[in-house]
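*Asks:* missing the sequence, but the structure's below:
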């Protein structure tokens, strides 16, 4: 799933471009690191991974920080005038 999502065009020189899948090794290492930090975990008795409660809390915190910085950046030029 991730390989198809993060894949893109393969530039093959003079030949026409063609879709290519992303590297599975990189995705696997990223998911392993996220698992070490407790953001994702493997499902028991099933395939795949899921976002843990602590991981969702961390993602919500980061999203809130981004929203605040975007709002303050949007308001900064208006306040300068």
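*Replies:* Sure thing, it's come through. Only a predicted model underlies this, so the values are computations on that prediction, with no experimental measurement involved.
*Asks:* Where does residue 65 fall, secondary structure wise?
*Replies:* Taking DSSP states H and E as the criterion, residue 65 maps to helix 53-80.
*Asks:* you'd agree residue 50 is up against residue 40?
*Replies:* Yes. With contact defined as Cβ atoms under 8 Å, residue 50 counts as touching residue 40 (6.7 Å). C-beta here means a position set from N, CA and C on the backbone, and glycine is covered the same way.
*Asks:* mind checking how far residue 68 is from residue 60?
*Replies:* 13 Å (Cβ to Cβ, to the nearest Å).
*Asks:* any low-confidence regions in this structure?
*Replies:* Along the chain, the model assigns pLDDT under 70 to residues 76-81.
*Asks:* If we use 80, what do you get?
*Replies:* Low-confidence segments of the chain (pLDDT under 80): 73-81.
*Asks:* show me the contacts for the residue nearest to residue 2 when sequence neighbours are not counted.
*Replies:* Among residues not flanking residue 2 along the chain, residue 27 sits closest, at 4.7 Å (Cβ to Cβ, 6 or more residues apart in numbering). Neighbouring residues of residue 27 by Cβ atoms under 8 Å, 6 or more residues apart in numbering: 2, 3, 6.
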